[in-house]
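Trainee: coords please:
(2 chains)
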Amino acid sequence: MSTVHPFEWFLINAAREFRDGEVTFVGFHWPMVAARIARHLHAPDLVVVYECGIVEDRLTPQLSTSPSDLRAAVGAPMCGGSMDALYSWLGRGRVARTFLEAPIVDRRGNVNTTVVGDYDRPTVRLPGSGGGTELGSLGRGLVLLSTGDRARAYPERVDYVTSPGHLSGPGERERLGYPAGRGPEVLLTPLGRLTFDSREGFVPAALRPGVSWQEARACFRWLREEPGELSELPEPTAEEVAATRHVLREAREMRYRLPADLPA
Amino acid sequence: MPRRVPRMSMRELVADLVPDGQQLLIGGFAFGDPMALAHEIVRQRRTGLDVLKTSGGVLVDLLVGAGCVAELAFCHVWNSVGPEPAHAFRRAVEGGHPNRPAIEELSFGAMTMGLAAGALGLPFMPTTPVTLSGHDLVRRRWPDKLGTVTSPFGDGELVSVARAITPRIGIFHVQRVDEFGNGQVFGPTAELRYAIGACERIVLVAEEVVATEVVRERPELTVVPGFAVEAVVVEPWAAHPTDSSGYYRRDLDHHIDYGAATATVEGFEDYVRDWIDGTDDHPGFLARLGGDRLAALALRDRWW
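Mentor: The predicted structure follows:
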C-alpha cells in the first residue's frame, strides 16, 4: 500500500462516519464522495436523501457531480421535491444522520458558505446556502466535513452564519426555537476528528497519527492545554484505501477538482 | 374543449414578456434550468432585470456577467460541476463588474416555504428555524422576508416564518407539454410546483409537444394545469448544459469549459460572442455544440 495522501485519509475517515442502513441527508461535494466510499465498504445499504427530493438507496452507475445531478436519480425508488426532503424527512426527524461540507466553520460549529469579509463588499463571495441552512438547523447526527488544515478555515466566530451550529453558546438554539437534540456533533478534518463539547466547543477526540497537539492548536486556536490522553485515528485498511482510490478515479472522470498533488 | 395555449418562439417570449426591468422567477434547480431563455435574454441585451432563482447556477452567472441583472434573489449561485467558481457572479458582487446587483438571500427551505405561501394564497408559512443566521440578520431588499411568531398551540414556542413570494412572471422548463399547456416533469421536482404556483403569470419552455392523450395517460406527472399557463415555447435541449430527467444528462464538459472560459472578463466576452451572439438562436447553439456531443448526452433516441 503506497503512502496514503492526507486527503485520502480525510475521505476514509469521513466514510467511517456513515452507518449502514441509516437514512442519511448528504449535502454537496465531499459528503457525496465519502458516502459512495462508505457504500463500497461497510455501508452498502446506506439510504441517501438529497435536497431536491431524490432517494438514493443503492450504488448508482455513476458518481454524481452534485445532489441535483440526475445521475443520482438513476434507479431511484423515489423522486420527490424539496418539501419532502427538507421537511418530511429532515425536519420531521426521519433522517438519522446528516453530512454537510463546512469550508469555514467556527468553534461552535457555525458554518459560513456565503461571504468572507463584509457582506456588501466581500473579500470572497462564496456560493451561499442552498439547503445548508436547513441541515445546520434541523439535521440529526450532524457531521461537518472540512478539508481545511489552516487556522483561517476555523475562526473563533464566522463572518456570516449560513448554517447555524450552536450559535453563541449553550441553550441558545433551544431558546430560539431550534429543535432539541440537533446541531453539529462531529467535525472531521484532515488533522483529526473533533467532537462538540457544549462548554469548550469543538475539541479533538482523536488526531491523525503524526499530527501533534501543537499543530492542532495552531489550526483550532480556541484549544487550551493538551489533554492527558489523546487517541489517534486508526490506520486505514487496504480495503479502505482501495475503495477510496476507486471512487477518486470516478471523481476525476466526473470532473471533480481534486488536490493537485493527489496521485492519479 | 379546453383552451389551446398560445405557442411562441423564445425570441418572441423575451421580446414580448421580458422587457428591461421585468421581475421574473426562472425555474430549475441545477437541472431543468432554461439556459436557452438566458441565452436569448443576453442576445436581446436586457438590462435592469429583477431575477428570482432558487439555484443560481451557470444561468445566473451568465445573466449577471452580461449585465442583465439589477436585482437578484437566490439561495446560492455556483457552478455545480467541479465545482468551478461562479466567476462572473463573483466579479459582480466582489468588484462591481459589470454592475453590482442588489441581492437578497434565503435558504432553500425558507425560499421553498415563501413560494409555497405565495402558491397557496397564504400570507406566510412556517419554516426552518433561522433566527440569528446570516439570512435572518442581513436584509437588503426584502426587509420582511422572514419573521418569528409565537405558536398559538402548546407552550408558546417560537416559529420562524417566511413571507409569501409572488413573482410577477415565472418561466419554467418542463419536459413535455400538450396543446392545452398541461406541463409534465419527470424526476425530482425540488420546489418547482410551489414556484410555478406562486407566480402571477406562468410560461413554460418545453422539450417537446405531445398528444394530449399521452399527458392524460400519466396525469400525475403534470406539475401545472394548462388553465394556469399563459404561453408555451417549444425548444428541444433548452436546459443544456444542465440536465433534463429522461431526456439528457448534465454536460459536465460544458460546465467546466464555461468556468474556464469565464475566469476573465475577456474570456466571458468571448464566450458570449461565440456561443450566444454568434449562434442567433438555440438551434444555432446546438449546431455549434455538434451532433456527436448531443448524441453522447442524450438519454433517448426518439421523441414522443
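
Trainee: so residue A:97 makes contact with residue A:135?
Mentor: No: in this structure residue A:97 lies outside contact range of residue A:135 using Cβ atoms under 8 Å: 10.9 Å. Bear in mind the C-beta positions are built from the backbone N, C-alpha and C, glycine included.

Trainee: What segments of the chain are helices?
Mentor: I went with chain A, as the question did not name one. For chain A, the helices defined by DSSP state H occupy A:6-16, A:30-40, A:82, A:132-138, A:172-175, A:213-219, A:238-253.

Trainee: To clarify, I was referring to chain B.
Mentor: Counting by DSSP H, chain B has helices at residues B:10-17, B:35-43, B:58-65, B:87-95, B:108-120, B:134-137, B:192-198, B:212-217, B:252-261, B:265-271, B:282-289, B:291-297.

Trainee: Any idea which residue of the stretch 1-150 of chain A lies closest to chain B?
Mentor: residue A:133 (3.3 Å; Cβ to the nearest Cβ).

Trainee: Setting aside sequence neighbours, what's the nearest residue to the residue in the stretch 151-300 of chain B positioned nearest to chain A?
Mentor: In the stretch 151-300 of chain B, the residue that lies nearest chain A is residue B:158 (3.6 Å; Cβ to the nearest Cβ). Leaving aside its sequence neighbours, residue B:158 sits nearest to residue A:177 (Cβ to Cβ, 6 or more residues apart in numbering or on different chains; 3.6 Å).

Trainee: What does the pLDDT read for the one you found?
Mentor: Looking at residue A:177, its pLDDT stands at 87.

Trainee: Okay, strands next: where are they in chain A?
Mentor: A:23-26, A:47-49, A:54-56, A:78-79, A:97-101, A:115-117, A:122-125, A:142-145, A:184-189, A:192-197, A:201-207, A:231-232 (DSSP state E).

Trainee: which helices and strands sit right next to the third one?
Mentor: With contacts taken as 3 or more Cβ pairs under 8 Å, 6 or more residues apart in numbering or on different chains; DSSP states H and E, strand A:54-56 sits against strand A:47-49, strand A:78-79.

Trainee: how about low-confidence regions in the stretch 151-264 of chain A?
Mentor: The stretch 151-264 of chain A contains no residues with pLDDT under 70.

Trainee: for chain A, what are the nearby residues on the stretch 101-250 of chain B?
Mentor: Proximity of the stretch 101-250 of chain B to chain A, by Cβ under 8 Å from any Cβ of the partner chain, involves residues B:105-110, B:112, B:116, B:128-135, B:137-138, B:140, B:148, B:157-160, B:186-194, B:243-245, B:249-250.

Trainee: Restricted to buried residues, select those residues in PyMOL.
Mentor: To isolate the buried members of these in PyMOL, using 16 or more other Cβ atoms under 10 Å in any protein chain shown:
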select buried, chain B and resi 105+106+107+108+109+110+112+116+128+129+130+131+132+133+134+135+138+159+160+186+187+188+189+190+191+192+193+194+243+244+245+249+250
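
Trainee: What score does the residue lying closest to residue B:264 once chain neighbours are set aside have for pLDDT?
Mentor: Spatial nearest neighbour of residue B:264, excluding adjacent residues (Cβ to Cβ, 6+ apart): residue B:87 at 7.9 Å. If you check residue B:87, the pLDDT there is 98.

Trainee: Number of residues surrounding the closest residue to residue B:279 other than its chain neighbours?
Mentor: The shortest distance from residue B:279 to any non-neighbouring residue, by Cβ to Cβ, 6+ apart, is to residue B:285 (4.4 Å). Residues lying near residue B:285 (other Cβ atoms under 10 Å in any protein chain shown) number 19.

Trainee: I'd like to know how far residue B:285 sits from residue A:109.
Mentor: Using Cβ to Cβ, to the nearest Å, residue B:285 is found at 45 Å from residue A:109.

Trainee: hmm, back to that, just want to know which of residue A:97 and residue A:135 has more residues nearby.
Mentor: Comparing residue A:97 with residue A:135 by other Cβ under 10 Å, the one with more neighbours is residue A:135, at 33 against 20.

Trainee: and the closest residue to residue B:177 other than its chain neighbours, bridged to which residues?
Mentor: Take residue B:177 and drop its neighbours on the chain: the residue closest to it by Cβ to Cβ, 6+ apart is residue B:206, 4.0 Å away. The residues listed as beta-bridge partners of residue B:206 by DSSP bridges are residue B:174, residue B:234.

Trainee: List the contacts of residue 114.
Mentor: Going with chain A. By Cβ atoms under 8 Å, 6 or more residues apart in numbering or on different chains, residue A:114 lies in contact with A:126, A:127, A:128, A:129, A:160, A:162, B:105, B:134.

Trainee: Oops, wrong one, chain B.
Mentor: Per Cβ under 8 Å, 6+ apart, neighbours of residue B:114: B:106, B:124, B:125, B:127, B:145, B:162, B:163, B:164, B:165, B:198.

Trainee: Tell me what the third one is bridged to.
Mentor: Residue B:125 forms beta bridges with residue B:162, as assigned by DSSP bridges.
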